[in-house]
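> show me how the following folds:
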Amino acid sequence: MHYHAHAQSTFKPSQIPGTGNAYLQDIYSSDKLDPEKPISAGFYRLEKGEPLVYTYTYHEMKIIVEGEYQISDESGLSLTAKPGDVFFFEKGATITFSTPDYGLAFYCGQCAKDGA
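The predicted structure follows:
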């Protein structure tokens, strides 16, 4: 078993290069235990500012844990995401994330550590 106490409040993800307001970092990954079918999990934080547009190269689940996101996809579907909302992003999906203040989400993706 691996354990990170109070991760939501104590783990601070690293800034995504090239952004001034987006942060993401894996906490745990199975890539060393199962390199053929790894999963990785961590936190994604976005602060008010530029939207982040991301095309997924893997499948990912995300649950909003704090704040609020505006999330839209390439089909034009746009939703306001709040704590407790769960999303599944399929490999190949292009998603735009923005926030009026900030948002914090926990994710689990079918990729190796730091593969996002």
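
> please make it C-alpha for all contacts and neighbour counts, starting now.
Fine.

> so what's the spatially most central residue of the chain closest to, chain neighbours aside?
In the chain, the residue lying closest to the centroid (CA atoms, centre = their mean) is Tyr44, at 4.2 Å. Closest residue in space to Tyr44, ignoring its immediate chain neighbours: Leu24 at 4.4 Å, by CA to CA, 6 or more residues apart in numbering.

> am I right that that neighbour is in a helix?
No. Leu24: not assigned to a helix; according to DSSP: H, G, I helix; E, B strand; the rest coil it is strand.

> isn't it right up against Gly42?
Yes. Between Leu24 and Gly42 a contact is recorded at 7.4 Å, counting by CA atoms under 8 Å.

> surely Ile16 meets Arg45?
No. Here Ile16 lies out of contact with Arg45, judged by CA under 8 Å, at a distance of 9.9 Å.
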